[in-house]
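K.L.:
dropping a prediction and its sequence here:
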There are 2 protein chains.
Amino acid sequence: MPEGSTIKMPYSQPPKQRSDEQKDAPADFFIERDGVRYAGVHLIIDLYGAERLNDMAYIEATMRECIRQSGATLLHIHLHPFEPNGVSGVAVLAESHISVHTWPESGYAAFDVFMCGDTRPEVCADILQEAFTPERITVSEQLRGKGL
Amino acid sequence: MPEGSTIKMPYSQPPKQRSDEQKDAPADFFIERDGVRYAGVHLIIDLYGAERLNDMAYIEATMRECIRQSGATLLHIHLHPFEPNGVSGVAVLAESHISVHTWPESGYAAFDVFMCGDTRPEVCADILQEAFTPERITVSEQLRGKGL
């Protein structure tokens, strides 16, 4: 993907919308899957052999795309560039957070996506794969707050 | 622990210090344990039956204490209060991040502590246990960027 190109994602679902009233409230209702009640899904996503890991604007745009397509609500976002290489970033969501830390010289990026409530965190892995074209991606899922 | 009390931690190790020059550089050298090279340690910490989970100033102070005692370097911190209950917060570190999301009405808090470089993330679980007096705490460790 050439530098400066826009992000075109292959996902056509419209994002879910929260009303203005909902934005001040936490998305903290619990989820139940196979009889287990939990607070949220936490995805640990590692990208190896990835590209554009020093492009902070692109990384932020990709995080925003993850949030939009997951149907989550952004409350605060902050990215930090390192010298000479690397970016760290966090997005606080009404539904928890997304974080990223990159090591461009090694082609490695560590993302985590933690979402509660009525969201689709699972779309993020595909969005990250599309955006950063890693040679290899690993995704592990943790159910947070099991048995609440 | 009464509301408004200061945080007294039972840890006496002096924090590690980074020089001003080091603060602009990422703490991105890799770690090796038992012959496996990796980027950092990611601790997923769940507190059940915990207290003071709606006290944002106390939560921030505890996060700062984790950072200090881990020997990490704080770059940015942001906490968000929810109505009527709950706090989300993230701290961006030179060595990655700490995040928290709380459900005070359920006594549940979800922390994650991701640290690279020459730090001591393992002290954080004890600090959180001391600060929030959970009935139960679970800690799982992920080595991020294995085999880099």
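P.N.:
Arrived safely.
K.L.:
number of residues surrounding A:E83?
P.N.:
The number of residues packed around A:E83, counting by other C-beta atoms under 10 Å in any protein chain shown, is 8. From N, CA and C alone the C-beta is placed, and that goes for glycine too.
K.L.:
and for A:S70?
P.N.:
Taking other C-beta under 10 Å as the criterion, the count of residues near A:S70 is 22.
K.L.:
check the gap between it and chain B for me.
P.N.:
16 Å (C-beta to the nearest C-beta, to the nearest Å).
K.L.:
now A:K146
P.N.:
From A:K146 over to chain B the distance is 8 Å, taken as C-beta to the nearest C-beta.
K.L.:
that residue and A:G35 touch, don't they?
P.N.:
No - taking contacts as C-beta atoms under 8 Å, A:K146 lies outside contact range of A:G35: 11.2 Å.
K.L.:
neighbour count: the two, which is higher?
P.N.:
Of the pair A:K146 and A:G35, A:K146 is the one with more neighbours under other C-beta under 10 Å, namely 14 against 5.
K.L.:
what does the nearest residue to the more buried one once chain neighbours are set aside show for phi and psi?
P.N.:
Computed as C-beta to C-beta, 6 or more residues apart in numbering or on different chains, the closest residue to A:K146 that is not its neighbour in sequence is A:Y38, at 4.8 Å. Note on A:Y38: backbone dihedrals following degrees, to the nearest 10 are phi -150, psi 170.
K.L.:
pretty sure A:Y38 is touching A:R144, no?
P.N.:
Yes - counting by C-beta under 8 Å, A:R144 is a contact partner of A:Y38 at 6.3 Å.
K.L.:
more neighbours, those two?
P.N.:
More crowded of A:Y38 and A:R144, by other C-beta under 10 Å: A:R144, with 24 against 20.
K.L.:
which SS class is A:V113?
P.N.:
Each residue gets one of three states, and A:V113 gets strand by DSSP: H, G, I helix; E, B strand; the rest coil.
K.L.:
show me what contacts it?
P.N.:
Counting by C-beta atoms under 8 Å, 6 or more residues apart in numbering or on different chains, A:V113 touches A:H42, A:L43, A:I45, A:C66, A:S70, A:I98, A:P121, A:C124.
K.L.:
what's the closest of these to chain B?
P.N.:
If you rank the contacts of A:V113 by distance to chain B using C-beta to the nearest C-beta, A:H42 comes first, at 6.8 Å.
K.L.:
how about the contacts made by that closest one?
P.N.:
Contacts of A:H42 (C-beta under 8 Å, 6+ apart): A:S96, A:D112, A:V113, A:F114, A:E141, A:Q142, A:L143, A:R144, B:I44, B:A110, B:D112.
K.L.:
keep only those of the contacts of A:V113 that are in helices.
P.N.:
Counting by DSSP state H, the members of these that fall within helices are A:C66, A:S70, A:C124.
K.L.:
make CSV from those and add distance to A:E105 and pLDDT to it.
P.N.:
Converted to CSV, the ones in helices among the contacts of A:V113 look like this (distance: C-beta to C-beta, whole Å; pLDDT from 0 to 100):
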residue, distance to A:E105, pLDDT
A:C66, 24, 98
A:S70, 30, 98
A:C124, 24, 98
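K.L.:
now, which of those residues sits nearest A:G86?
P.N.:
A:C66 (19.6 Å; C-beta to C-beta).
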